[in-house]
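Quick one: sequence plus predicted model below, questions after.
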Amino acid sequence: MRAWFFSSLVLLLALGCSTDTANPASPGPSGSGGTSSGGDAASGGEAEPIPSSLKFEAVDPLAPRQDVVLRVRAEPAGAYRVRFTLPSSEAEQSPLDAVLTATSRDTDADNIASVHLIAPSEPTTFVVRADVDNAVQDTLTITVMDTGYASVTVEPRYGSALRYPTTWVATAHPGKTCVELPGIPPPDGSVVSQPAGQNEAPLLPKVPANTPLAITLRSGHFVGGCASVSPLAPDSTQVVTVPVLNRPIDLSASDLSLKLELMPPDAAWTTLLASAHQAALDALIGTSVDDVDVLLDAMREAAGDDRQAFESARTSEGWDALLSARYGVTAPHQIHDLVDGWLSQAQKGFSTQTQLLQGAIEPDGAGDSSAHLTVESVAGLTAARAGFASPALWSWSAGPDDNITMGTDIYLFESKLLTSLGETVAVASAQNATDAPGALDEALDCEGASTALAAAGASPTLAYAGCDSGCLESLCEQGLRAMWQRAAAATGLSPSRLTLTATGHAFVGESAEVAGMTGSWLGELSSQGRDATTSGALTATSPP
């Protein structure tokens, strides 16, 4: 499989080179270049800068599959684009499955362009060519030695019980030591084993002998290590033990779906919602005397520029008494009692549920320590309906034991939360309403009441100039909606704050990201000078 892979790479490189040779300015088969200074100038563009010389730095003979950096110096100082190729002809031996990791590089501040070469897997001699716009070139002859081969079985030494590797992959870097391969895990070498199972040792059946080796071992990219190995004898079999360590958790790559649960009954939320309950009822009625008064007052405000005409008709035609008689003994508290019942039932339902909040944690790109928490739902309501501000700044840090410490401040309007919960109760108890004002309309019969009010004056259909029973019905609906909005906004000038801290144990993914978490949270719920403690369980999973 590896031979096929490298042969395919050589074929792709050859195809790339054949594309270049289709250009008259490209070098011929032998790798020698022409003298063109670039096609851009001929077409009206700026000519590519050309150095006066290119010179490869010498490279010692290589072992098969050795990874080496080739360096070319350009003179004089300047910014040049250097192209690298692996030419092949009858006069030169084939580069076989040698691989260049790039086809062109720009010179750096030291006037050097660098490229990685992975030597072929068999002994050979071949040429690497560097040129700038085919005008200036140099070649370097590479020799790959016949070092023989050895077999290496790689065993992990892993002392952590925190993570659970399921497969192991071993690689070899011929001609290198672990000092040259930083990171957990180190980068893979050019010789790669087949994946081995959790309790198996991967095998490198063919590594170059008679050359130093750096042997790496990893599981996914979350556990890994390296061992430097002295040159092995040809045809020998060696067991190499590699100490592997956990890669630190990468919070900047960790997106999570979060759930916060409550442990009912929770006194902090009960107190908060009880306060919101009374504030919402007070705002609903406002300064009106009773429920008939508040309804007609709300209708008057909805009349806009016709407020005076509405108030005159109300006074002269006795609309307050008419509605009081229509609603009977419940008239003084008709609206109050309906809303009070909905809110009470909503409070009771909230006090028995276990789910508080669902949200999404997304890194903000500023580093490992910060992210954003987007609140998606609260007690089954969207964040906006529940009165929760979103997103919130989420701070977190990961310890070496894969435990995560987290914290945030979430602001909320408890009257909005309670009235939205109450609205679900109202809609469930109504026949056709889709919201709380609609449920009030259905209970108070805005259509029938408006017809009765319009018929109370001299005209059987006209309540006042320009407003008939249909107009009054619309004012009734608008007034009820305004009253409900008042109740929902009762605490709108003083948001409450949930200061949340949490700890959780992380389940680590293939790239050392947090793939899941379980833990607990503790919150301080601050509202109108009162502080209370709330708590519960925390779970997080990777989003689909």
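Cool, the structure landed.

what's near enough to touch residue 93?
By Cβ atoms under 8 Å, 6 or more residues apart in numbering, residue 93 lies in contact with 124, 125, 126. Quick note: C-beta positions are derived from backbone N, CA and C, even for glycine.

if you set the cut-off to 10 Å instead, what comes out?
Going by Cβ atoms under 10 Å, 6 or more residues apart in numbering, residue 93 touches 120, 123, 124, 125, 126, 127, 141, 142, 143, 144.

now those as TSV including pLDDT, secondary structure and distance to residue 421?
Output for the contacts of residue 93, formatted as TSV (pLDDT from 0 to 100; DSSP: H, G, I helix; E, B strand; the rest coil; distance: Cβ to Cβ, whole Å):
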residue	pLDDT	secondary structure	distance to residue 421
120	93	coil	71
123	92	coil	78
124	91	strand	77
125	92	strand	80
126	93	strand	76
127	94	strand	77
141	93	strand	80
142	94	strand	74
143	93	strand	79
144	94	strand	74
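
Just the buried subset of those residues, please.
The neighbour count (16 or more other Cβ atoms under 10 Å) marks 120, 123, 124, 126, 127, 142, 144 as buried among those.

Out of the contacts of residue 93, which two sit at the greatest distance?
Spatial extent of the contacts of residue 93 (Cβ to Cβ) is set by the pair 123 and 127 at 15.5 Å.

Let me know the pLDDT of the closest residue to residue 76 other than its chain neighbours.
Closest residue to residue 76 apart from its sequence neighbours, by Cβ to Cβ, 6 or more residues apart in numbering: residue 52 at 6.3 Å. Looking at residue 52, its pLDDT stands at 95.

measure residue 52 to residue 111 for me?
From residue 52 across to residue 111, the span is 12 Å (Cβ to Cβ, to the nearest Å).

between the two, which one's more packed in?
residue 111 (16 against 10; other Cβ atoms under 10 Å).

Next, the contact list for that one, please.
51, 72, 73, 74, 75, 76, 77, 78, 79, 80.

May I have the beta-bridge partners of the fourth one?
Spelled out, that is residue 74. With DSSP bridges as the criterion, residue 74 is bridged to residue 54.

helices or strands up against the helix or strand that contains residue 297?
Residue 297 is part of helix 291-302, with elements assigned from DSSP states H and E. Judged by 3 or more Cβ pairs under 10 Å, 6 or more residues apart in numbering; DSSP states H and E, helix 291-302 is in contact with helix 267-285, helix 307-317, helix 319-327, helix 334-352, helix 436-444, helix 446-454, helix 469-488.

hang on, the earlier thing: ok, the contacts of residue 93 vs residue 456, which is closest?
When those are ranked by distance to residue 456 (Cβ to Cβ), residue 120 comes first, at 102.2 Å.

ok, and the closest non-adjacent residue to the closest one?
Closest to residue 120 by Cβ to Cβ, 6+ apart is residue 96, at 3.7 Å.

Quick check, that neighbour in contact with residue 119.
Yes: between residue 96 and residue 119 there is a contact under Cβ atoms under 10 Å: 9.1 Å.

between the two, who's got more neighbours?
The neighbour comparison of residue 96 against residue 119 (other Cβ under 10 Å) goes to residue 119, with 30 against 20.

residue contacts, the more buried one?
Applying Cβ under 10 Å, 6+ apart as the definition, the contact partners of residue 119 turn out to be 59, 61-68, 95-99, 126, 142-145, 174-175, 190, 208.

how about 8 Å then?
Residue 119 touches 62, 63, 64, 65, 66, 67, 68, 98, 142, 144, 174, 190, counting by Cβ under 8 Å, 6+ apart.

CSV for these, including secondary structure?
Output for the contacts of residue 119, formatted as CSV (DSSP: H, G, I helix; E, B strand; the rest coil):
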residue, secondary structure
62, strand
63, coil
64, coil
65, coil
66, coil
67, strand
68, strand
98, coil
142, strand
144, strand
174, strand
190, coil
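
Need the buried ones from these selected in PyMOL.
In PyMOL, this line selects whichever of the contacts of residue 119 come out buried by 16+ other Cβ under 10 Å:
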select buried, resi 62+63+64+65+66+67+68+98+142+144+174+190
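
could I get the contacts of residue 119 as CSV with distance to residue 302?
As requested, these are arranged in CSV below (distance: Cβ to Cβ, whole Å):
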residue, distance to residue 302
62, 87
63, 88
64, 87
65, 82
66, 84
67, 78
68, 82
98, 83
142, 88
144, 89
174, 84
190, 78
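
Residue 214 bridge partners, please.
Those that pair with residue 214 in a beta bridge, by DSSP bridges, are residue 173, residue 228.

Can you tell me how far it is from residue 508?
From residue 214 to residue 508 the distance is 25 Å (Cβ to Cβ).

Next: residue 248.
Residue 248 is 10 Å from residue 508, where distance means Cβ to Cβ.

between those two, who's got more neighbours?
Neighbours were counted for residue 248 and for residue 508 using other Cβ under 10 Å; residue 508 has more, 24 against 15.

what residues are up against the more buried one?
Residues near residue 508 by Cβ under 8 Å, 6+ apart: 162, 163, 222, 246, 249, 402, 514, 515.

Near the first one, how many residues? Count them for me, please.
Residues near residue 162, counting by other Cβ under 10 Å, number 14.

pretty sure it contacts residue 399?
No: with contact defined as Cβ atoms under 8 Å, residue 162 does not count as touching residue 399 (10.5 Å).

Phi, psi for residue 244 please.
phi -120, psi 150 (degrees, to the nearest 10).

Now do the same for the closest residue to it other than its chain neighbours: helix, strand or coil?
Counting by Cβ to Cβ, 6+ apart, residue 244 lies nearest to residue 225, which is 3.8 Å off, once chain neighbours are set aside. Here residue 225 takes the strand state, with states given by three-state DSSP.
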